[in-house]
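Peer 1: 3D model of this:
(4 chains)
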Protein chains: 2
Amino acid sequence: MAGCQRRNTRQRQMVLQELRASYAHPTAGEIYQSVRDRLPNISLGTVYRNLDILLETGQAIRLASILGQEARYDGRCEPHVHFQCHECGRIYDLNSAWPALDDLVGKTLEGHAIAAFQLLLHGTCLECTSSNHD
Amino acid sequence: MAGCQRRNTRQRQMVLQELRASYAHPTAGEIYQSVRDRLPNISLGTVYRNLDILLETGQAIRLASILGQEARYDGRCEPHVHFQCHECGRIYDLNSAWPALDDLVGKTLEGHAIAAFQLLLHGTCLECTSSNHD
DNA sequence: ATCGTTGCAAAATATTTGCAGTTGA
DNA sequence: TCAACTGCAAATATTTTGCAACGAT
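Peer 2: The predicted structure is shown next:
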């Protein structure tokens, strides 16, 4: 399956478009719901299969979430840092630069060759902090 | 459930003991298998319920895994860095110090208050690199 | 025409929960 | 005692897969 000639199907286009349009780091189920507006017959299985292909081809990233167990996906592929709020569960992209982390890629640490990283910060997000003051 | 008087049951003791004894960042199912050697009647539901309590009381950490979908748990609670091998899936503790990260805790970044972090590096581990050379 | 892809439904995997009985403090 | 806890089994949630039909190239 890995070295085959991929086809550019409408289903795959829509999943990728949804991933790129959403800043919400959607789950497979959320992508499924959104895409159904335009492709009412798409199935959840197809969403999962396309997400796997997008991961394989480097067009998406699978996010490990500390909270919950549903995987989340991100169409932004440059290494970057995420913040997850432990009150509302939302995941935010952080735009600060992390030179120390970027430099790690390609190096070896304690014998292990580092190919990529994921830094997930968590705490209380701006919106939840504000609403806690109400 | 959060503010109640916890009981120190044998089941909870065993789950915690297993977490602290294992460097393998076990899944709930793996903990269940190990604990069954000493408590043959323990149920998987009890393992999950006790893991939740240990997370709540700060005696364990739930690891976000990039690979796979099963949650992994760690009895080491100081913030530290993990490395996951994308060939064998194993998770290793890294013992290097990360002052820049430790300093983040308690600060605010882009409006979000940071309480903790999880840095997960991935790539090929020492063992897989060696066996690739066979 | 070929073969990657799809929809569907069932299976597999992972986690949570209701309940009646048990047990630690 | 008695509320927290347990085992069990059923329910939920999440992801994967088999298969026959479909459709991009």
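Peer 1: within the helices and strands, which one has A:Q118?
Peer 2: For A:Q118, the host element (DSSP states H and E) is strand A:112-124.
Peer 1: each with direction, which strands does that strand pair with?
Peer 2: Sheet neighbours of strand A:112-124, with direction, are listed as strand A:81-85 (parallel), strand A:108-109 (antiparallel), strand B:112-124 (antiparallel) (DSSP bridges).
Peer 1: for chain A, which residues are neighbours of DNA strand C?
Peer 2: Residues of chain A lying close to DNA strand C (C-beta under 7 Å from any atom of the strand) are A:1, A:4-7, A:9, A:11-12, A:39, A:41-46, A:49-50, A:53, A:69. (C-beta placed from N, C-alpha, C; glycine too.)
Peer 1: where in chain A is pLDDT low?
Peer 2: Counting by pLDDT under 70, the ranges of chain A that qualify are A:1-3.
Peer 1: and the residue of chain A found nearest DNA strand D, what element?
Peer 2: DNA strand D sits closest to A:G45 of chain A, with a gap of 2.9 Å, by C-beta to the nearest atom of the strand. Element membership of A:G45 [criterion: DSSP H and E] is helix A:44-56.
Peer 1: swap in A:E70?
Peer 2: Secondary-structure element containing A:E70, defined by DSSP H and E: none, the residue being outside all helices and strands.
Peer 1: wasn't A:C128 part of a helix?
Peer 2: Yes. Membership of A:C128 in a helix is supported by DSSP: H, G, I helix; E, B strand; the rest coil.
Peer 1: burial of it, as a residue count?
Peer 2: Look at A:C128: counted by other C-beta atoms under 10 Å in any protein chain shown, it has 16 neighbours.
Peer 1: ok, the closest residue to A:C77 other than its chain neighbours - contacts?
Peer 2: With sequence-adjacent residues excluded and distances taken as C-beta to C-beta, 6 or more residues apart in numbering or on different chains, A:C77 is closest to A:I61, at 5.8 Å. The contact partners of A:I61, taken as C-beta atoms under 8 Å, 6 or more residues apart in numbering or on different chains, are A:55, A:73-77.
Peer 1: please redo it, this time with the cut-off set to 10 Å
Peer 2: For A:I61, the contacting residues are A:19, A:25, A:54-55, A:72-80, A:82, A:116, A:118, B:66, taking C-beta atoms under 10 Å, 6 or more residues apart in numbering or on different chains as the criterion.
Peer 1: next step: these restricted to helices.
Peer 2: Among these, the members falling in helices (DSSP state H) are A:19, A:54-55.
Peer 1: of these, grab the buried ones for ChimeraX.
Peer 2: The ChimeraX command for the buried members of those (criterion: 16 or more other C-beta atoms under 10 Å in any protein chain shown) is given here:
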select /A:19,54
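Peer 1: just send the ones in helices among the contacts of A:I61 back as TSV, with distance to DNA strand D too.
Peer 2: Written out in TSV, the entries for these read as follows (distance: C-beta to the nearest atom of the strand, whole Å):
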residue	distance to DNA strand D
A:L19	14
A:L54	12
A:L55	10
